[in-house]
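Q: Here's my sequence, what's the structure:
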Amino acid sequence: MSPWLSRVLLHRFRTRLKDKSGVSGGNSDHWIDEIPIEDKLLKTEENLDNQNILEEKYNKHKDQIIREAGKSGFGILCIADIRKEIKNNIVVAFPLKKCFHIYYKNNIWIAVFLFQAFTKTPSKVKLN
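A: Have a look, this model is predicted:
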């Protein structure tokens with residue numbers, strides 16, 4: 001996974017951020033204090049139901065997030081939608097209120113965020 005989210009989080013959380021985006025093996029990409037943050041790309045090849053994207057991506061990755069969120073009771077899943085259909089305005093981006101959902105399972109709260117404003121892959125976007 002590209003460390004695109006680390007650049008965003010580092011600006012706000014500085015030394016509280018632990019970036020593990022360069023390490024694979026089923027561990028979360030980022031940590032703020034004891035809260036795991038997993039970032040995933042949503043690609044055209046996944047062929048997910050456009051109306052249930054948050055739920056489908058959550059279900060695909062929830063076990064990992066729940067496992068790692070055990071200490072804090074909180075976890076975050078950030079999804080960057082880089083599908084060709086979004087980039088080329090073939091699929092209309094969701095209204096903001098549909099780009100966020102909170103799940104509760106096994107005494108753990110998981111916030112899921114969907115970012116659909118990318119015209120380039122997140123690793124190619126320059127931040128100020």
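Q: Tell me how far the helix or strand bottoming out on mean pLDDT in the chain lies from the chain's centre.
A: Lowest mean confidence among the helices and strands of the chain (mean pLDDT, DSSP states H and E): helix 4-13, at a mean of 81. The chain centre lies 13 Å from the centre of helix 4-13; the measure is Cα atoms, centre = their mean, to the nearest Å.
Q: which strands and helices sit next to the very next helix or strand once past that helix?
A: Downstream of helix 4-13, the next assigned helix or strand under DSSP states H and E is strand 17-19. Other helices and strands packing on strand 17-19, by 3 or more Cβ pairs under 8 Å, 6 or more residues apart in numbering; DSSP states H and E, are helix 4-13, strand 30-32. The way it works is simple: take the backbone N, C-alpha and C, and place the C-beta from them, glycine included.
Q: which helices and strands does the last one pack with?
A: The reference is to strand 30-32. Strand 30-32 is packed against helix 4-13, strand 17-19, strand 35-42, with contacts defined by 3+ Cβ pairs under 8 Å, 6+ apart.
Q: Wait, Asn106 touches Ile66, no?
A: Yes: between Asn106 and Ile66 there is a contact at 5.7 Å, judged by Cβ atoms under 8 Å.
Q: The two - which one has more neighbours?
A: Legend: neighbour count by other Cβ atoms under 10 Å for Asn106 and Ile66, higher for Ile66 (17 against 11).
Q: Got phi/psi on the residue located most distally from the centre of the chain?
A: In the chain, the residue that sits farthest from the middle, by Cα atoms, centre = their mean, is Ile90; the gap is 22.3 Å. Ile90 adopts backbone torsions of phi -80, psi -40, taken as degrees, to the nearest 10.
Q: measure it to Ala80 for me?
A: 18 Å (Cβ to Cβ, to the nearest Å).
Q: before we move on, the earlier item: ignoring the adjacent residues along the chain, who's closest to the residue farthest from the centre of the chain?
A: Lys84 (7.4 Å; Cβ to Cβ, 6 or more residues apart in numbering).
Q: Can you get me a residue count around the one you found?
A: For Lys84, using other Cβ under 10 Å, the count is 11.
Q: Done for today, thanks.
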